[in-house]
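[1] quick one, fold the following:
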Amino acid sequence: MNCQVLVLKTRSMNKKNVKSFSKALLAWYDRHRRDLPWRAKPGEAIDPYKVWLSEIMLQQTTVAAVVPYFTKFVRLWPSVDRLASAARDDVLAEWAGLGYYSRARNLHKCAGEVMALHQGEFPSTEEALLKLPGIGPYTAAAIAAIAFARPANVVDGNVERVMARFFAIETPMPTAKAEIKKTAGELVPVTRNGDYAQALMDLGATICTPKSPKCMLCPIAELCAAHNAGQSERYPVKAPKKDKPTRFGTAYLAVKPDGSVLLRQRPDQGLLGAMMEVPSSDWIERSERQENDRPCPPFKAPWQALDGTVRHTFTHFHLELAVQYAQVKKEPKSQIFSGIWVAPEDLGTQALPTVMKKIIRLGAEQDVVEAEV
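    Next up, the predicted model:
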């Protein structure tokens, strides 16, 4: 049987046997479900606040990275009303290091709207959830299914991989996303919707992994087109990756004799919005620079270049920063610059993204700043 016929047979068979598919998957899940801090144990009441918080944190972030942040947030703000009443800067500070910082701003804003518009109760439908800040189609479906047992079609990266292999979808990613979501929707059961959604996620995370999938342990392997064709790792088909551009800039690490470091808050909108930063120039590609373009420090000071370069990678580009250092004895006189001086022992309380911590660490390594961040 050739691959095309096998794919068509598998698709047709599973459309008629949705119950068999979900039954096998849920039976596996009942035995092998992951123990996660936001996941209610069998028989426990589901907390929509924890479901929402975890789903926001898990956007483009691994479970391993999220667990300590989730645990810390729930300890500090155990309910949506407590989070809504927290200072936004405190939320940003605790989020620092988790990345994609617009999530933190929207998290705080969403908590406020749940309190103001929904009397502290999360809405249960995808349509209503989509109206809240920071909640997109996937997150709305996940919350509706997991927290409220709605028959939602929950498709994250793990589920995309499972479906692409199960149906041997030849369309390259990311173009295939719409096709995958459609086929996945045809398999959604009418009962145990939250368990079903989490079962698919767990299957993708632990069995149907990107490399070396454990097909021999998979509860649906006998029905999987990619497995039956001996081509599991071929799917999902990926379009050729585009090279990330590299941007360059200069950071200005100003330090007082008492060790205080000068920081400023970035604008709310844009990359690293509302987070704290070491002042820096614009980050631009070399091709955008004019031959006579030179770094422009935020104010006059005896700036000196530190040895080394700070390198960091964002989703869409690489960044390389040279670092200039100056010890400042008097307050800088500049009408266009504003910032705050932060003592070394207080740097850990600031909403510093990882790239800014790297700048400060470079200064610490060269004994121009006393800080551990």
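
[2] could you say what helices and strands the longest helix along the chain packs with?
    For the chain, the longest helix by residue count, based on DSSP state H, is helix 102-118. Other elements packing on helix 102-118 under the criterion 3 or more CB pairs under 8 Å, 6 or more residues apart in numbering; DSSP states H and E are helix 48-58, helix 80-85, helix 88-95. To be clear about C-beta, it is placed using only N, CA and C from the backbone, and glycine gets the same treatment.

[3] dump these to CSV, plus distance to Phe73, mean pLDDT and mean neighbour count.
    Supplementary listing: the helices and strands packed on helix 102-118 in CSV, determined by distance: least, CB to CB, whole Å; pLDDT from 0 to 100; neighbours: other CB atoms under 10 Å:
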stretch, distance to Phe73, mean pLDDT, mean neighbour count
helix 48-58, 6, 97, 22
helix 80-85, 8, 97, 17
helix 88-95, 7, 94, 18
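
[4] which among those helices is found nearest to Ile220?
    Proximity to Ile220, assessed across the helices and strands packed on helix 102-118 by CB to CB, is greatest for helix 48-58 (23.4 Å).

[5] tell me what that closest one is packed against?
    The elements that helix 48-58 packs onto, with contact taken as 3+ CB pairs under 8 Å, 6+ apart, are helix 63-76, helix 102-118, helix 137-148.

[6] winner for burial among those?
    Comparing those by mean neighbour count (mean count of other CB atoms under 10 Å), helix 137-148 ranks first with a mean of 23.

[7] follow-up on the earlier one: any idea which of the helices and strands packed on helix 102-118 gets closest to Trp28?
    Closest approach to Trp28 among these (CB to CB): helix 48-58, 21.4 Å.

[8] quick one: the closest one to helix 88-95, angle?
    Helix 48-58 and helix 88-95 are oriented at 60 degrees to each other (axes from the mean of the first three to the mean of the last three CA atoms, to 10 degrees).

[9] who touches helix 48-58?
    Contacting residues not belonging to helix 48-58 are listed as 36-38, 66, 69-70, 73-74, 79-80, 98, 103, 106-107, 110, 121-122, 134-135, 139, 142-143, 146-148 [CB atoms under 8 Å, 6 or more residues apart in numbering].

[10] can you do 6 Å?
    Contacting residues not belonging to helix 48-58 are listed as 38, 66, 69-70, 79-80, 103, 107, 122, 139, 142-143, 146-147 [CB atoms under 6 Å, 6 or more residues apart in numbering].

[11] just stretch 242-257 next, same as before
    261-262, 278-281, 283-285, 295, 297-298, 317-328, 359, 363, 369.

[12] same deal with stretch 105-119?
    By CB under 6 Å, 6+ apart, the list of residues contacting stretch 105-119 reads 56, 80-81, 83-84, 88, 91, 122, 132-134, 274.

[13] chain center to that stretch, what's the gap?
    For stretch 105-119, the distance from its own C-alpha centre to the chain's C-alpha centre is 20 Å (CA atoms, centre = their mean, to the nearest Å).

[14] likewise stretch 238-253?
    For stretch 238-253, the distance from its own C-alpha centre to the chain's C-alpha centre is 19 Å (CA atoms, centre = their mean).

[15] in this protein, which spans are strands?
    For the chain, the strands defined by DSSP state E cover 246-255, 261-265, 276-277, 304-305, 310-313, 318-327, 340-342.

[16] looking at these, which is closest to Ala221?
    Using CB to CB as the measure, strand 310-313 is the one of these that comes nearest Ala221, at 35.7 Å.

[17] that closest one packs against which elements?
    When contacts are defined as 3 or more CB pairs under 6 Å, 6 or more residues apart in numbering; DSSP states H and E, strand 310-313 packs onto strand 318-327, helix 354-365.

[18] of those, which is nearest Gly43?
    By CB to CB (comparing all of the helices and strands packed on strand 310-313), the closest turns out to be helix 354-365, at 39.6 Å.

[19] if we can go back for a sec, between the contacts of helix 48-58, which is closest to Ala184?
    For Ala184, the closest of these turns out to be Ala142, at 13.0 Å, with distances computed as CB to CB.

[20] and for the closest residue to Ala364 other than its chain neighbours, the neighbour number?
    Nearest non-adjacent residue to Ala364, counting by CB to CB, 6 or more residues apart in numbering: Ala371, 5.4 Å away. Close neighbours of Ala371, defined as other CB atoms under 10 Å, add up to 20.
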